[in-house]
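Student: have a look; sequence and predicted model below, questions after that.
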Amino acid sequence: MIRRVLKALIAPPVHGRGSETRRRAATPSRSGVGLKRLIQRLKPTPALSRTREGSVVALFAAALALAACSDSAPQVDTSVYGAGDNWDNPGGDWAESHFSRLGDISQENVGELGLAWEYDLGTERVQESTPVVIDGVMYASGNLGRVYALDAATGAEKWTFTPEMDMQIARSACCDWANRGLAVADGKVITAALDGQLYVLDMETGAVVWNVDTFVDKDRGYTITGAPEVAGDIVVIGNAGAEYDTRGYVTAYRISDGSEAWRFWTIPHDPAEGPQESPELEAAVTTWSEDTRWDIGGGGTAWDAITYDPEFDQVIVGTGNGGPYPQAIRSPGGGDNLYLNSLVAIDRKTGAMKWHFQETPQDNWDLTATQPMVLAQMDVNGASRPVILHTPKNGFFFVVDRESGKPLAANAIVRTSWADGWNLETGKPNFTLETSDYSQGPKIVYPASPGARNWYPAAFDPTRNTYFAHVLDMGNLMFLSGDPAEAVHEKNFLNAGAAIIFTSDLEAAAATLPPPMRAAIEAEPTWQWVKDNPFTSELRAMDPLTGKTKWAVPSAGWQDRQGVLATASGLVFHGSVTGKLTARDSETGEEVWSVDTGSSIMAAPMTYRVDGVQYVAVQTGWGGGGWGFLPGYAAAYRKGNANRLLVYKLGGGPTPQPADLPPLEPAPAPPEQYADATPEMLATGSALFTANCSICHSNQPRAPLPDLRRIAPNVHAGFEQVVLGGLFKMNGMPSFADRLDASQVKAIHAWLIDTQGKLRARELQLQAEGKPLDSRSLTILSSY
Ligand SMILES: O=C(O)c1cc(C(=O)O)c2c(n1)C(=O)C(=O)c1cc(C(=O)O)[nH]c1-2
Ligand SMILES: [Ca+2]
């Protein structure tokens, strides 16, 4: 038992066959721009040399090529919608539709699906990415930005790549070490690591061709969890960290040599520090109040969706929430705070903004617009329009004109307490701040911070005009964590400025509030929503223009997040945190095939064809935002968090399941230390734990990170070295030496020992009564 707990604490992030390539260090190769590379960089791009003649013009063109990208739009056949044999990018095709034209697997034969091959990704953590398949080779990305190149027909490993990084970076990751995919272009595989390094690898060997540090400021809480996006000869990458102290931006690099083509900042900087970087930021700065807390960062991080639109040669970026959350701290005088929570279209050639559409102005609620978008062509009011289908966190289904950025449709798909509709003429929401502004006291806000939708991809089937997506209709309790006027910039730490309680039992959460606050909450209209239906979590088929549901099937619970694949043959595939992988009839939602994989699935399935055989693949693994709270219905709770790549074909075999975990054992006896701890010391320890540790350590058994109420004696002995000395940093536990002093660590430790003792007593009692141990705590609190 003790050994098992210790192992859980010290197990390296990678297990299993650690091949040489997997362990290989990522050696930077950009140092020293040699003469050869300089000449290469000076060569005019083929497009320019073809259209212009004469050496003077060629030189001029070369200079231009250095300053910007090639000026002709890359050739993409946008008349073909959906993926074919290849799955070109995490979204599948140019439209990133998660829709496949392949039909070998159909409603008639889908029952014959079985496992073709499986591959052990070697980790036991979050998996959110959709693999790419090019000409029979699968390129999958794993947590932290790992890459696996596999034979797509057999699963045989060609090479793997593990980015090496200082795991102190884990201090800046709000929502686990997620990675949402890679890009393949020009004979190269491009992956972004959690620590901000962008790696460009040789697609044949996995060798690093070049890498670049994409972060502008190492002292701020930047990380990367999103996928890089290729747009012709450039690759665009964003970053995360709006809950910390960052100012969002995306950067475009030339794929050929890693030189920077342009950078687009999503929000302005302090005007006192000089002119903004661009005219669009000069316009944006007027939407931030004069007393804006620029020192804290502002947010607007582009942490997920970046989509290249070849028809308009533009890169569309979904931007994130404001930092800190409450506008009362961030921009106390109000304002829309552009370009937070917006879709922003950027000219691929110049990096200049073409249009923007702000989906949640005046953000207070972490309602990001970073969720994946799908491009389409659609009849709207009698005219065929190029559109973006977007379902961000904020609860509306937007159909946005790709040419003008104007919203063509905006329908609520869940209960929304911050706005009760949309004015398509003005392009603004009808705010209902009276039910959502928590600056004067707690509010139950809909949708909750996990969003009506989040990173888990939707799929759009244009042949049925149907958008398939997992939707969460749930609220959360929000309140200021202190007086806005006294907010300070917490360096190297969370700066969200608000506390959020997200739980399916908001009535119980409200009951913990002081009576006057509770009475105020109960007087709100949202209280009736809580009482009527605490939450709905379901997979839906929807009409994009009306947002209306064609069919819906309930998911296992609110933590069940499901990426989706749709096929022209009328099938919708999705996983579940329960471990079930399901195929449904696109028209009715009826289940037509399923398999219990025994591994929790959140990532989107995808499909491809090699040598005439169609395959369906999915990555398994639990984690991400709210990831500490492993629900009892998760396969990961019963069987551990196996990260696997499961690939199916017609006539395949059974899916081997991981073995059940042994029954829970009572917590080990804590050391006899701090027996004389005062109630004040324990209360201090509890508060420090909530503020510093609980975002990762949910203290529930079998959650992805250790339950600190169950630590082994030798870990107790080294507690201070772990927290302050970084003893387990290699495994992802960063040092807190810059934040906590020894006496504070002692208080946390004393509280943990006290808690462990009480837990052990309760569990020994349960064991004596022959009852099962299942001591998952019910408190789901993020106190930022
Ligand atoms: O503001 C940000 O920079 C940021 C980053 C991330 C992330 O990088 O994963 C998430 C969020 N916000 C967020 O609000 C959120 O709900 C969320 C869920 C997840 C996830 O992987 O499950 N990441 C993130
Ligand atoms: Ca966020």
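Tutor: Great, that's in hand. Ligands and ions are numbered 1, 2, ... in the order given.
Student: residues in a beta bridge with the closest residue to residue 571 other than its chain neighbours, which ones?
Tutor: Nearest residue to residue 571, sequence neighbours excluded (Cβ to Cβ, 6 or more residues apart in numbering): residue 583, at 5.1 Å. Placement of C-beta: from N, CA and C, glycine included. Taking DSSP bridges as the rule, residue 583 bridges to residue 573, residue 593.
Student: residue 570 is in contact with residue 106, correct?
Tutor: Yes. Between residue 106 and residue 570 there is a contact under Cβ atoms under 8 Å: 7.3 Å.
Student: quick revisit: my read: the residue nearest to residue 571 touches residue 590, true?
Tutor: No. Counting by Cβ under 8 Å, residue 583 does not reach residue 590; the two are 10.0 Å apart.
Student: against ligand 2, how distant is residue 122?
Tutor: Separation of residue 122 from ligand 2 (Cβ to the ion, to the nearest Å): 29 Å.
Student: repeat for residue 194
Tutor: 16 Å.
Student: what's near enough to touch that residue?
Tutor: 144-145, 163, 165, 169-170, 173, 177, 179, 223-225 (Cβ atoms under 8 Å, 6 or more residues apart in numbering).
Student: next one: residue 527
Tutor: By Cβ under 8 Å, 6+ apart, the neighbours of residue 527 are 444, 510, 521.
Student: what are the phi and psi values for the first one?
Tutor: Reported as degrees, to the nearest 10, the phi and psi values for residue 444 are phi -90, psi 110.
Student: buried stuff in stretch 207-216?
Tutor: 208-212, 214-215 (16 or more other Cβ atoms under 10 Å).
Student: again with stretch 439-456
Tutor: Buried, per 16+ other Cβ under 10 Å, within stretch 439-456: 439, 442-456.
Student: least trustworthy position among the contacts of residue 527, going by pLDDT?
Tutor: Within the contacts of residue 527, residue 510 has the lowest pLDDT, namely 88.
Student: which strands or helices does the helix or strand containing residue 539 pack on?
Tutor: Using DSSP states H and E, residue 539 sits within strand 535-542. The contact analysis (3 or more Cβ pairs under 8 Å, 6 or more residues apart in numbering; DSSP states H and E) places strand 535-542 against strand 466-474, strand 549-554, strand 571-574.
Student: give the rounded mean pLDDT of the last one.
Tutor: The pLDDT scores in strand 571-574 average 98.
Student: grab the nearest non-local neighbour of the residue nearest to the spatial centre of the chain.
Tutor: Centroid-nearest residue in the chain: residue 455, 5.1 Å away (criterion: Cα atoms, centre = their mean). Closest residue in space to residue 455, ignoring its immediate chain neighbours: residue 304 at 5.1 Å, by Cβ to Cβ, 6+ apart.
Student: and the residue of the stretch 1-150 of the chain closest to ligand 2?
Tutor: residue 128 (14.9 Å; Cβ to the ion).
Student: count of neighbours near residue 589?
Tutor: Residue 589: 18 surrounding residues under other Cβ atoms under 10 Å.
Student: OK, contacts around the residue found closest to residue 613 once you drop the neighbours it is linked to in the chain?
Tutor: With Cβ to Cβ, 6+ apart as the criterion, residue 613 has its nearest non-adjacent residue at 5.7 Å, and that residue is residue 649. Residue 649 makes contact with 113-114, 116, 613-616, according to Cβ under 8 Å, 6+ apart.
Student: mind redoing it with 6 Å?
Tutor: Going by Cβ atoms under 6 Å, 6 or more residues apart in numbering, residue 649 touches 116, 613, 615.
Student: can you list the buried residues in stretch 339-358?
Tutor: Within stretch 339-358, the residues scored as buried using 16+ other Cβ under 10 Å are 339-349, 351, 353-358.
Student: actually, stretch 655-669.
Tutor: Judged by neighbour count using 16+ other Cβ under 10 Å, the buried positions of stretch 655-669 are 655, 657-658, 664, 666-668.
Student: list just the nearest of those residues to residue 604.
Tutor: residue 655 (18.2 Å; Cβ to Cβ).
Student: any idea how far the closest one is from ligand 2?
Tutor: 35 Å.
Student: nearest residue to that residue other than its sequence neighbours?
Tutor: residue 115 (4.7 Å).
Student: which pLDDT value belongs to the one you found?
Tutor: Note for residue 115: predicted pLDDT of 98.
Student: and if you look at residue 72?
Tutor: pLDDT recorded at residue 72 is 74.
Student: thinking again about what came up before, more crowded one of residue 106 and residue 570?
Tutor: Legend: neighbour count by other Cβ under 10 Å for residue 106 and residue 570, higher for residue 570 (20 against 16).
Student: for that one, give me its contacts.
Tutor: So residue 570 contacts 107, 586 (Cβ under 6 Å, 6+ apart).
Student: residue 366 reaches residue 449, doesn't it?
Tutor: Yes. Between residue 366 and residue 449 there is a contact under Cβ atoms under 6 Å: 4.2 Å.
Student: helix, strand or coil for the residue nearest to residue 455?
Tutor: The three-state assignment at residue 304 reads coil, by DSSP: H, G, I helix; E, B strand; the rest coil.
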